[in-house]
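Asks: got a predicted model here, sequence first, then my questions.
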Amino acid sequence: MESITRRKLLRYTLEAGLTVGLIGGLSVTSSTGSYVRPPRALPPTDFTSRCIRCSICVEVCPTRAVSLLDITLDFKNISTPVINPVFGGCVAWNKKCLRCAESCPSGALDPAVEISTLKIGRVWLEPEPCVNCMVCFQRCPIEGALLFPNPEGKPFTRERDIPTRLKLVNSSLKPYINPELCVGCGLCVHYCPKKVMFLEPIENLR
């Protein structure tokens with residue numbers, strides 16, 4: 001894990017305090033948004049009040065999946081951490097990564113939470129431009145979270161089981177998401193070469 005020195009932590013905390021103070025003054029006019037948070041985040045209201053905007057979770061994330069929420073009308077959540085698959089996907093489910101939670105000085109991320117019980121978001125896929133490259137299957141850490149139609153029976157859950165004749169570029173058969181198993185890690189979204197996969201907070205799904 002990347003080390004965080006006492007001096008660094010003090011600087012982050014002071015900077016975070018100034019940010020929280022500024023945001024607190026604007027919170028009266030704040031709108032409310034929903035976000036894909038790093039795994040093990042407290043419930044939304046508790047998370048927002050506990051997070052000190054120190055950005056340590058951003059620095060220690062090994063895949064750069066964590067970034068800070070940019071300027072938004074949701075003033076009270078500005079500079080809080082979110083998962084942004086443009087920069088990376090979360091590997092907490094396949095590599096048991098705890099870096100962001102273990103480094104959180106405020107308890108907004110709780111390392112004691114068991115990862116197998118978590119879903120931080122879900123993915124949807126736009127089928128028409130999909131070219132059946134199967135990168136999503138290769139990157140997904142949860143078997144069965146991605147499915148592929150099987151004209152002869154139950155959907156395929158593993159890329160290696162899908163006959164080549166079914167996954168041609170121009171095939172009408174395309175992968176789709178199993179919402180019961182998708183955890184919202186964003187790895188498929190990040191690696192999709194055609195950028196036809198999108199990560200959203202669970203409550204925002206269409």
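Replies: Cool, got the structure. Numbering: from 1, shown residues only.
Asks: CA atoms for contacts and neighbours, from now on please.
Replies: Fine.
Asks: what's the pLDDT at Ser157?
Replies: Not quite, residue 157 is Thr, not Ser. Per-residue confidence at Thr157 stands at 97 (pLDDT).
Asks: ok, it - contacts?
Replies: Applying C-alpha atoms under 8 Å, 6 or more residues apart in numbering to Thr157 gives the contacts Glu143, Gly144, Ala145, Leu146, Leu147, Phe148.
Asks: hmm, 6 Å instead?
Replies: For Thr157, the contact set (C-alpha atoms under 6 Å, 6 or more residues apart in numbering) comprises Gly144, Leu147.
Asks: distance of it from Ser172?
Replies: 18 Å (C-alpha to C-alpha, to the nearest Å).
Asks: next: Phe156.
Replies: Taking C-alpha to C-alpha, one finds Phe156 at 15 Å from Ser172.
Asks: who's more crowded, those two?
Replies: Phe156 (17 against 14; other C-alpha atoms under 10 Å).
Asks: for burial, what's the neighbour tally of Ile52?
Replies: 25.
Asks: how about the secondary structure of it?
Replies: coil (DSSP: H, G, I helix; E, B strand; the rest coil).
Asks: this structure: strands as residue ranges?
Replies: 66-68, 81-83, 122-125, 146-147, 176-177, 197-200 (DSSP state E).
Asks: contacting residues for Pro111?
Replies: Contacts of Pro111 by C-alpha under 6 Å, 6+ apart are Ala101, Glu102.
Asks: hmm, try it at 8 Å
Replies: Arg40, Leu98, Ala101, Glu102.
Asks: how about Gly121?
Replies: Neighbour list for Gly121: Val36, Cys182, Val183, Gly184, Cys185, Leu199, Glu200, Pro201, Ile202 [criterion: C-alpha under 8 Å, 6+ apart].
Asks: what sits closest to the last one if chain neighbours are left out?
Replies: Read it as Ile202. Gly121 (4.7 Å; C-alpha to C-alpha, 6 or more residues apart in numbering).
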